[in-house]
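sequence isn't available, so here's the structure alone:
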């Protein structure tokens, strides 16, 4: 391995991993491998990624908490411009950390990546003036298979950092993200 450093202790939530690639820099700039199947497999991430996505958002945009219902996806996410606080919520039935969350700052500067296994809800908030967010996924997007949880559900208790100079009322959410069900409603519908 050696080319990546993997942190698996994400508040005790099994499966989540923060990846820090080796960055080789000199007077010209830097070089790094953002993905190498062999290194990731050795780190316990043995996935076939089938689609790459990229989004651009401005400061205060909050996207989430999203998941695919019948076609869940493993995700490998990173930021290539700007900074976000990225969050995963464990939705795996029978998991000892069901309903628990973990968050990590991803930025172009720190070059960290976050691996989120299937059956997690995912979201992020943009902390910089703008951010470009990239993610690899293991299943194709199915528009009729979207699920979501209320981003500020007190039962989950995500501690979203507010972008400088902003409060919760200043956040920018899609119409869908404003009306996702609570965690308890989600659990009730799973029975």
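Looks like it arrived, so ask away. Since the model is a prediction, treat every value here as computed from it, not as a measurement.

for residue 144, what are its contacts?
By CB atoms under 8 Å, 6 or more residues apart in numbering, no residues touch residue 144. In short, each C-beta sits where N, CA and C put it, glycine included.

Three-state assignment for it, please.
For residue 144, the assignment made with DSSP: H, G, I helix; E, B strand; the rest coil gives helix.

per-residue confidence at it?
Listed pLDDT for residue 144 reads 91.

now tell me what touches the helix ranked longest in the chain from outside.
The single longest helix within the chain, with elements called by DSSP state H, is helix 183-190. Helix 183-190 is contacted from outside by 91, 93, 99, 147, 149-150, 153, 155-156, 181, using CB under 8 Å, 6+ apart.

same deal with stretch 39-48?
By CB under 8 Å, 6+ apart, stretch 39-48 touches 1, 3-4, 6, 8, 17, 19, 33, 74, 76, 115, 138.

narrow those residues to those that are buried.
4, 6, 17, 19, 74, 76, 115, 138 (16 or more other CB atoms under 10 Å).

of the residues you listed, which belong to strands?
4, 6, 17, 19, 76, 115 (DSSP state E).

adding pLDDT, write the residues you listed out as CSV.
Shown next, in CSV, are these (pLDDT from 0 to 100):
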residue, pLDDT
4, 91
6, 93
17, 96
19, 96
76, 98
115, 98
